[in-house]
Each structure stands twice: as C-alpha cells, then as structure tokens.
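Asks: build the 3D model from these lines:
(chains A, B and C)
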Amino acid sequence: MASPHTPTLPERLIAHLDMDAFYASVELLRYPELKGLPVVVGGRRMHEPKTLPDGSRQYARLRDYTGRGVITTSTYAARDLGVFSGMGLMKAALRAPDAILLPTDFDRYRHFSRLFKAAVAEIAPVIEDRGIDEIYIDLSEVPGVRESVGHDPQGGVRAVAREIKNAVQRATGLTCSIGVTPNKLLSKIASELDKPDGLTLLRADEIPSRIWPLAVRKINGIGPKANAKLESLGIETVGELAAADPQMLIAQFGRSYGHWLHEAAHGRDERPVVTHSEPVSISRETTFERDLHAKLDRAELGAIFTRLCEQLAGDLARKGYLGRTIGIKLRFVGFRTVTRDLTLDLPTQDAQTIRQAAGACLKRVDLSQRLRLLGVRVGSLSRPGDPAPARRPTRRVDSGPKPENLSLF
DNA sequence: TCTGGGGTCCTAGGACCC
DNA sequence: TCTGGGGTCCTAGGACCC
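Replies: Alright, predicted model coming up:
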C-alpha cells in the first residue's frame, strides 16, 4: 500500500493507434473512383483491375471469384453489407455480389506501414509494433502531454493525439483512430469506440460508464471460445464480468486466465509498451486450391513441401536467423490440424536440412486423409554468432510406425 | 460456399536430472 | 520395494491476435 511518504507514480498515458480499414484505404489511394463503394481486399487469384483503352478501369466483382480465400479487409461500405475480415470470399459473394474485389498487395501495405510509424515516431518515439496497421504509443514522457489547456485537464493529451493523427494523415493520406487511456488494454478498446477517424480519451473513473456496457468480446484476449463460455455463464457485458466472483472465474477458466479476466474487466493492466522484441518462430504455410492426398498427389505435395522449406530458408537468411526446432503443420479436410516438431542438435538455416527434419516429422503423421494445408516452421531461433546451444543427449522419439503412413516424403 | 497466412502465449505430460 | 520433489527441455494442441 502507498503510505503518505511514498510518492504515487504518475499515471501512464498510453495510446493505441489503429489505421482505419488499412489495406482497403491504401487501395483507395490509387483507385480513388472507388471511394464510398463496397470494396473488399483479399483472395489469391489474379483479379487485378484492367485498364481499358479509354483509360477507365474494370474491376473484378466478388461474384466472379471462385476458390479458397478470405477477406483481408473491407471498406466501411462493404461492412454495411455484412462482409467482414476473415469471411470466406465465396460466402461474402452471396451477401455482396457486386462488391469490388481487389487483390492484396502486401509490399505496398508494408510501405505505408513504415510511413505512418515513422511519422508517429517523430512526435512520440516510444512505440510498440502490433503488426502492420496498429501500434501502442507511450505518451507519458512526450513534452506537453501533461499540460492542461484551458479548463480541460486532458487538453495536452488531446492536442498531442491530434498532432499524431495529423502527422499520419500528412505522411500517408490515411486516417487512423486513437484511444488514449492509462493502459494498453483500455486504449485498445478506446480506439475502437469512435472509428473511423476517431479520437477517444478515457480516464480510469470512466470505466463503469464507458467500458462496462460493452460486450466482453471487445476485450483483447477474449476470443470466440471464452466468449461462448462466458455467455453460457450468463455474462455478456464487461460490467457483468467485473461483478462476477473471481473465485468462480478461476474455477471456470483456470488460475491464470480466470484472474486475468477479473483484472481486465476492471480495466487493470500493467503491461509496458515494448519497443523491441525478437521473433520466436518463422513459418511458411499454404492452403491448396483443392485438397491433396499424400499418395494420389504425391509429386505435387512433395514439390510444395520442398518449396515451403526453400522459402523458409530464404526468410531465415534474409532476416539473419538460425533455428533449431523444425516443425510441420498439416490441416486435413474437416479442418483438423496436426503439428509435429523436432529439435536438432545444432541450429540451421539450410533448406535441405530443414526439408529433411520436416520430412522426419511428416513420417509421424497418419496421412490417409486428404490435406488442405501444409506448413513448415522454424523455432528456437538464434543469431549466427550466438554460442552453440548446450547439447543434450538425443532421446529416442517413439514414432510408432503408422499403418497409414504412406512413406512419401 | 465454410474457414488465409503470419505470429504469440499457455497448458500439460513425459523425459531427464539433481 | 512404496513412492519424493523441483526444475528444465521437448513435444502437441489450442486459444487468440493482426
């Protein structure tokens, strides 16, 4: 407990910045005539817009798409038609057949990602990367942030957040939404409250009025499973979660997650803004256009497998990592997913070594069902100069020869 | 007409070591 | 010959996120 003699720490000021419909907005910059229309980005097939002789452009429609693939981003006009990120394109086509479909151009999104992050860093350098289109920013030490403007005690914060939004707009031509609160958990929620082009400031004393009415699913870390279970317990809002008996939550969800649920519902979160982090694993995976069978499609699968290993080796080399744990991921028809991994004595970067280890992993899987996805992963990463890992005697892996292992790879 | 690709973190059991 | 306890590594699966 804080005694009168221990100075209380100043409350942190953390921002969460989320680019609005990022991929779709980047596409609208080059196809401005699509502004306001339902547009969806996603899919893997070639559906580039065609420029006609008269200079006008012809776009693919959602109804034209066949094959596997999901929506990566949709414009707000498309969302109004009920098509959202993660939805299968074929399903989306039933809801919005006339929506325009654009292919993803990750290089371009990465470029704009660098632009907006650099613009923010000029104003507030303490940034945590949370992927291509969002960041956390620690504003606590930003000059002017704690000054009040007029009688608005948050005037300084608001001004700095506005400045950040303007800088992002100038650098990219894009809008973003920002939430500023005492921690990452609340800021993540706050940035969504006024999307798009939003700016939401929230103090701890506003949690009951602003946060508790929200659905528990709005909390980052409560996914579909936890949500369903909470619902079955009669808990739908954050306020109901906050009022729930912590011991009951622990009994239902386990010590760690149960305790976290309670803390999160009360808006408590001490996680720092992490400005540097090292990757834990690097992977490549692909979903096939049609389901493949290990025996019937042996040559095709073998070629894909080798290609994934080569791409992965390329990624490792480019990023400057070695990995000691090689793993595979298989997804069968029906979406059952299986993983196997194998830790080598020494880290590697070599495609053939990876391919061989991954092949050994594959031998431990029953391959009688058709596959829809194959992936390869490298973990236990190190840098080329790092000291060699302490070797432990290789233990027998009981691979128990599978009757349906078709010894293909 | 089901459900991409890239990740992180957690849990849990067995091996192995002290 | 019933039964220890802790710590770390390895492996598999699953929830969750962007």
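Asks: tell me how far the closest residue to DNA strand C within chain A lies from A:Leu230.
Replies: Residue nearest to DNA strand C within chain A (C-beta to the nearest atom of the strand): A:Gly223, separated by 2.2 Å. C-betas here are computed from N, CA, C, even on glycine. For A:Gly223, the distance to A:Leu230 (C-beta to C-beta, to the nearest Å) stands at 11 Å.
Asks: same thing with A:Pro347?
Replies: Distance of A:Pro347 to A:Leu230, computed by C-beta to C-beta: 42 Å.
Asks: so where is chain A shaky, pLDDT-wise?
Replies: For chain A, applying pLDDT under 70 flags the ranges A:1-6, A:45, A:150-153, A:390-409.
Asks: tell me the domain ranges of it?
Replies: As given by automatic domain parsing, the domain ranges for chain A are A:14-19+A:108-208, A:22-105, A:223-265, A:281-382.
Asks: out of these, flag the one nearest A:Thr275.
Replies: For A:Thr275, the closest of the domains of chain A is domain A:14-19+A:108-208, at 6.0 Å, according to C-beta to C-beta.
Asks: now the end-to-end length of the closest one.
Replies: Domain A:14-19+A:108-208 has an end-to-end distance of 19 Å (C-alpha to C-alpha, to the nearest Å).
Asks: and if you look at stretch A:121-131?
Replies: OK, stretch A:121-131 end separation, C-alpha to C-alpha: 16 Å.
Asks: buried residues in that stretch?
Replies: Neighbour counts over stretch A:121-131 (16 or more other C-beta atoms under 10 Å) mark A:123-124, A:126-128, A:130 as buried.
Asks: which helix is the longest one in chain A?
Replies: Looking across chain A with DSSP state H, the single longest helix is helix A:298-319.
Asks: by contact count, what packs against it?
Replies: Contacts defined by 3 or more C-beta pairs under 8 Å, 6 or more residues apart in numbering; DSSP states H and E place helix A:298-319 against strand A:281-292, helix A:351-362, strand A:371-382.
Asks: from the contact counts, what lies against the strand or helix carrying A:Leu28?
Replies: Here A:Leu28, judged by DSSP states H and E, is contained in helix A:22-30. For helix A:22-30, the helices and strands in contact under the criterion 3+ C-beta pairs under 8 Å, 6+ apart are strand A:39-42, strand A:71-74, helix A:106-123.
Asks: now those in TSV, with distance to A:Asp64?
Replies: Formatted as TSV, the helices and strands packed on helix A:22-30 follow (distance: least, C-beta to C-beta, whole Å):
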stretch	distance to A:Asp64
strand A:39-42	12
strand A:71-74	15
helix A:106-123	22
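Asks: any idea which of the ones you listed is most buried?
Replies: By mean neighbour count, with neighbours taken as mean count of other C-beta atoms under 10 Å, strand A:39-42 ranks first of the helices and strands packed on helix A:22-30 at a mean of 28.
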